[in-house]
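Colleague: Got a predicted structure plus its sequence, pasted below:
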Amino acid sequence: MADIRTLPEAVAELIHDGDCVAMEGFTHLIPFAAAHEIIRQGITDLTLVRMTPDVIYDQLIGTGLVKKLIFSWGGNPGVGSLHRFRDAVENGWPRPLELDEHSHAGMANRYVAGASGLPFAVLRGYRGTDLASRTDTVATVTCPFTGEELAAVKAINPDVTVIHAQQADREGNVQLWGLTGVQKEAALAARRVLVTVEEIVDELTPSPGGVVLPGWVVTAVARVPGGAHPSYAAGYSVRDNDFYQAWDPISRDREKFTAWIREHILTGAAAR
């Protein structure tokens, strides 16, 4: 059974300096509040994993807490580049950033392998590329049945996976619905799992297409209404499109970014 914790308690207990942390969520249910708590606690030297790094990782990278990023696509969705991400890669500010880049299919298969307790997954998508010469997480294998050469991708097993969901019950069973990505696989692949939720209910009511994570998969649950903002939680909130637009000029300038973090995350209303 998962423990019910406050967000500061859960982050302090589960996420440590040097951890590999996956923070998943596709379009909605992105765990921004948990990322902001990591920033407030100054947890550093992190390896971050995410299929689609967006503003949540731009903020973490810009605060200098990240040493490595394992990812596929990255950008401010519907707007443009992640400027703190670019500054770290191009200029080493505020620190150099190591990259391990994959396709979406490669990342999804890496999570599935990790969730399945396997050392790697196989796919055809990387054939004909030179990725195997650029990362130690891609190799080639020969099928023992057909002789076909396939790509192998190393399993991902995060120290911690963090997701946001709509509901949890008092025993720590979690339900999320709407657009879902690889939250289930990322949770099953991890050693520890933190879920922030919109609400804690006495009993989960099955939702069409919903994903349920049983309490034995989840380490801790924290009730954080609005914890996905500026993304959204289907049935609870809507996407703050204005925020994503406003983030572009903020993130382009180091001083503006630093001031925004200080005002809105470290000392502002966002602090919980």
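Modeller: Now that the structure is in, tell me what you want to look at.
Colleague: any idea how far D242 is from D19?
Modeller: Per Cβ to Cβ, to the nearest Å, D242 is found 33 Å from D19. (C-beta placed from N, C-alpha, C; glycine too.)
Colleague: of the two, who's got more company?
Modeller: D19 (19 against 9; other Cβ atoms under 10 Å).
Colleague: nearest residue to the more buried one other than its sequence neighbours?
Modeller: Leaving out its chain neighbours, the residue that sits closest to D19 by Cβ to Cβ, 6 or more residues apart in numbering is D159, at 4.1 Å.
Colleague: That neighbour reaches R191, doesn't it?
Modeller: Yes. D159 is within contact range of R191, at 5.4 Å (criterion: Cβ atoms under 8 Å).
Colleague: Okay, now the unreliable bits of the chain?
Modeller: Across the chain, the ranges flagged by pLDDT under 70 are 268-272.
Colleague: Domains in it, by residue range?
Modeller: 3-102+157-266, 120-154 (automatic domain parsing).
Colleague: got CSV for those domains, with distance to A113 too?
Modeller: Output for the domains of the chain, formatted as CSV (distance: least, Cβ to Cβ, whole Å):
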stretch, distance to A113
domain 3-102+157-266, 8
domain 120-154, 4
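Colleague: Run through the residues that contact E101.
Modeller: Counting by Cβ atoms under 8 Å, 6 or more residues apart in numbering, E101 touches 71-72, 135.
Colleague: so can I have TSV of those residues showing neighbour count?
Modeller: Shown next, in TSV, are the contacts of E101 (neighbours: other Cβ atoms under 10 Å):
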residue	neighbour count
F71	20
S72	17
T135	16
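Colleague: From those residues, pick the one nearest R110.
Modeller: S72 (10.0 Å; Cβ to Cβ).
Colleague: Cross-check the contact I'm expecting between the closest one and N109.
Modeller: No. Under the criterion of Cβ under 8 Å, S72 makes no contact with N109, lying 11.1 Å away.
Colleague: What ranges does the stretch 101-250 of the chain have for its helices?
Modeller: Along the stretch 101-250 of the chain, counting by DSSP state H, counting those that start in this stretch, helices occupy 104-116, 183-189, 241-252.
Colleague: Tell me which of those sits nearest to A12.
Modeller: Checked against Cβ to Cβ, the stretch from the helices of the stretch 101-250 of the chain lying closest is helix 183-189, at 20.0 Å.
Colleague: chain center to the closest one, what's the gap?
Modeller: 11 Å (Cα atoms, centre = their mean, to the nearest Å).
Colleague: Can you tell me which of the domains of the chain is packed in deepest?
Modeller: domain 3-102+157-266 (a mean of 19; mean count of other Cβ atoms under 10 Å).
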